[in-house]
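S.K.: Sequence and computational prediction follow.
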Amino acid sequence: MENNYEKRINELEAKNTFQEDAIERLSAEVRKQQEEIISLKDKLLAVINSLDKNTLSENNEEKPPHY
């Protein structure tokens, strides 16, 4: 009977160790993806701002009426 409990405890400990490792790897991947998302958001905002500036400058450079 005691041997059965030891076997079950060992199996639970092995599962626990595997789950802890899996959670840590997933957490690291989520952190990496979050950093990439932040970087991409910053780049997207820079592109949008650049396009907005170009649009404003094009509107200010109206062509003369004879065009």
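M.R.: Sure, I can see it. Numbers count the residues shown, from 1 in each chain.
S.K.: Every contact and neighbour count from this point should use C-alpha atoms.
M.R.: OK.
S.K.: Poorly predicted segments of this protein, please.
M.R.: Residue ranges of the chain with pLDDT under 70: 1, 58-65, 67.
S.K.: how about the helices of it, start to end?
M.R.: Counting by DSSP state H, one finds helices in the chain at the ranges 2-60.
S.K.: count of residues packed around Q19?
M.R.: Counted with other CA atoms under 10 Å, the neighbours of Q19 add up to 12.
S.K.: measure it to H66 for me?
M.R.: 74 Å (CA to CA, to the nearest Å).
S.K.: What of K32?
M.R.: For K32, the distance to H66 (CA to CA) stands at 56 Å.
S.K.: and if you look at E20?
M.R.: For E20 relative to H66 (CA to CA), the value is 73 Å.
S.K.: Quick check on these two: which one has the bigger neighbour count.
M.R.: Using other CA under 10 Å, the more surrounded residue of E20 and H66 is E20, with 12 against 4.
S.K.: separation between that one and A14?
M.R.: E20 is 10 Å from A14, by CA to CA.
S.K.: cool, L56 as well?
M.R.: Distance from L56 to A14, counting by CA to CA: 63 Å.
S.K.: Also R25?
M.R.: For R25 relative to A14 (CA to CA), the value is 17 Å.
S.K.: just L40 next, same as before
M.R.: Per CA to CA, L40 is found 39 Å from A14.
S.K.: again, but for K43
M.R.: 44 Å.
S.K.: Equivalent analysis for V30, please.
M.R.: As judged by CA to CA, V30 and A14 stand 24 Å apart.
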